[in-house]
Every structure is written in C-alpha cells, then in structure tokens.
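1. with the sequence up front, the predicted model follows.
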Amino acid sequence: MDLLLLSNSRNHGREFLAHALDEVDDFIGANRRLTFVPYALADHDAYTAIVAAALAPRGITVVGVHTVADPRQEVARAEVVFVGGGNSFRLLKTLYATGLLETIGDRVRAGALRYMGASAGTNMAAPTLRTTNDMPIVSPPSFETFGFVPFQINPHYLDPAPASTHMGETREERIREFLEENDVPVLGLREGSWLRVSGSVARLGGDNGALLFARNSEPAELVPGEDVSPLLATTPRYDVTRSG
C-alpha cells in the first residue's frame, strides 16, 4: 500500500495544502489526475474547487466523485484518491452509503490505488473512528473504517497548554481514556505533520512531529523524519478490560 496521511489541509497563515504541496506533488506522481472525495463537508462543489485551485499550479487535475454518475467507477479507474477533511462521522456514513468504503478499501489494499487523506480522511485509514475529535453529527452504520494501518491516528493533535485555565479534558486525557478500554497505539499527529507509508516502511514527515501513545506507557515523542515502521506490525485489540 502507498499512503500519505496528513494531519491537516491548511496551516495557520498559509494557503490550502501549501505546507505539504511538495510531498503531495511527489505522491501523485506522473499521472496528473486526482480523484477527490469531498463527503466530509456539506458543500461538495465548493470543497472540490478549493482542492483544484490549490493543485492547479502543479498541473494536477482534480475530479470530485460527486460529479460523476457512479463514484465507484471513478474510483475503479483512478490511480490516486484524496479523501478530504471535515466531519469524520458524516464522511464515514457517506462512504458506506455510496459503496466507496469497499471500493476504495479493496483497491488500496491490493496496491492498485494510492490513498491520500487529510484530517477526517486520515482518520479513515485507521481501523476505527474511535480516536476522532469530531462531534457525531450523524450516525454511520459502524465505526469500522478502512484499516489501512493497524493502529489509531489522532490528527490535529494538541499538546496540553501549561498556562491554560481551561478546565475541560486535554487531548492527551481523552486518548488515555481510549487506552483504558482498548489496546492499540494512537499516533497523535500535530498540525503540519504527516505519515507516509510505502509497503512495509512508514515515516513521519512535516515540521512538528507526533506523540505516540500506548497502553500502560508514557507518551513517546517522535521527530520529523523518524522511521515508525514497527507500528505497521501492531495487532490492535479493542474493547478489552483495563487489566487485559
């Protein structure tokens, strides 16, 4: 499998995808055509136009799956698919409804389709939706996602702010709660970071690194460029007891 999993599509003060444009360009490769899945936002046309404008200077043509009669046929002939960010629950529900969860999943796992995700699209690459930050504005049939990687990802990971007076849970506390009930690593991707997977090799990219959470362990700091390939050998365990 060939995956590019971005934490976010837009960095503060920069245009859409500008922080990762060279990486995206390299990932798309010689065929300058990208199939885009805009289902995480309500306005599919506007979202597709944003992606198209960002990639046009690189000579890349963007086709929104919502513009064709059969999205599955579009995906079946695509070489690269980009699943954009927004609300992960809305995205997953629509992937099930359109049959794209199966079509994209089968082709990516077979090595016939390269997969790029951002935010919600990156959430889809994990086995389940359980570590998303999003509000469940709709109810998908299941929390099961593509499962391209055998661990969880938390895009937009925010480190605790020591001077903050906010009394709600931090992102770290929420991930620790997840690990009380599940035994599977969680990769907290900070803004401006991404994960590139090619076959059995996985490496962090971008500027800000990541934090790796594991059950019964303290979080581990991961730096840009770090090889995280051992994570691909993970055996995830869900719904286990705290002592399990």
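-> Looks like it came in fine.
2. wait, doesn't Arg171 sit right on Pro155?
-> No: contact between Arg171 and Pro155 fails when scored by Cβ atoms under 8 Å: they sit 10.7 Å apart. For every residue, glycine as well, the C-beta is placed using N, CA and C.
3. what do those two both touch?
-> Residues touching both Arg171 and Pro155 (Cβ atoms under 8 Å, 6 or more residues apart in numbering) are Asn133.
4. those two: which has the busier surroundings?
-> Neighbour count, other Cβ atoms under 10 Å: between Arg171 and Pro155, Pro155 has more, with 29 against 18.
5. so what's the closest residue to Asn31 other than its chain neighbours up against?
-> The shortest distance from Asn31 to any non-neighbouring residue, by Cβ to Cβ, 6 or more residues apart in numbering, is to Glu79 (5.0 Å). Glu79 sits next to 29, 31, 33, 113-114 when contact means Cβ under 8 Å, 6+ apart.
6. distance of the residue lying closest to Ser193 once chain neighbours are set aside relative to Tyr96?
-> Nearest non-adjacent residue to Ser193, counting by Cβ to Cβ, 6+ apart: Gly206, 3.8 Å away. To Tyr96, Gly206 is 30 Å away according to Cβ to Cβ, to the nearest Å.
7. same question for Gln73.
-> From Gln73 to Tyr96 the distance is 18 Å (Cβ to Cβ).
8. so for those two, which residue has more residues nearby?
-> Tyr96 (15 against 12).
9. quick check: phi and psi at that one.
-> Phi and psi for Tyr96, reported as degrees, to the nearest 10, are phi -70, psi -50.
10. pLDDT value on it, please?
-> pLDDT, Tyr96: 98.
11. what's the burial count for the residue lying closest to it once chain neighbours are set aside?
-> Spatial nearest neighbour of Tyr96, excluding adjacent residues (Cβ to Cβ, 6+ apart): Pro141 at 5.1 Å. Look at Pro141: counted by other Cβ under 10 Å, it has 10 neighbours.
12. now Pro141: phi and psi?
-> phi -60, psi -30.
13. and it, what's its pLDDT?
-> pLDDT, Pro141: 98.
14. Glu172 too?
-> pLDDT, Glu172: 93.
15. distance between the ends of stretch 65-81?
-> For stretch 65-81, the first-to-last residue distance is 10 Å (Cα to Cα, to the nearest Å).
16. ok, now stretch 216-227?
-> Start-to-end, stretch 216-227 (Cα to Cα) is 22 Å.
17. what mean pLDDT does it have?
-> pLDDT averaged over stretch 216-227 gives 96.
18. try stretch 177-192
-> 97.
19. do stretch 195-203 as well
-> 98.
20. show me which positions of it end up buried.
-> 195-197, 202 (16 or more other Cβ atoms under 10 Å).
21. now do the strands in the protein.
-> Assigned by DSSP state E, the strands in the chain fall at 2-6, 33-37, 61-64, 80-83, 114-118, 152-157, 186-190, 193-198, 201-206, 210-213, 220-222.
22. neighbouring strands of the shortest one in the sheet, and parallel or not?
-> Put plainly, it is strand 220-222. strand 210-213 (antiparallel) (DSSP bridges).
23. how distant is the partner strand from the center of its chain?
-> With Cα atoms, centre = their mean, to the nearest Å as the basis, strand 210-213 stands 15 Å off its chain's centre.
24. next one: stretch 185-192
-> 10 Å.
25. pLDDT weak spots in this structure?
-> 161, 165-168, 242-244 (pLDDT under 70).
26. OK, contacts around the most centrally placed residue in the chain?
-> Residue closest to the average C-alpha location in the chain (Cα atoms, centre = their mean): Thr122, at 0.5 Å. Thr122 makes contact with 5-7, 85, 153, 155, 189, 195 under the criterion Cβ under 8 Å, 6+ apart.
27. OK, contacts around the closest residue to Val184 other than its chain neighbours?
-> Nearest non-adjacent residue to Val184, counting by Cβ to Cβ, 6+ apart: Pro236, 3.7 Å away. Pro236 sits next to 127, 150-152, 182-184 when contact means Cβ under 8 Å, 6+ apart.
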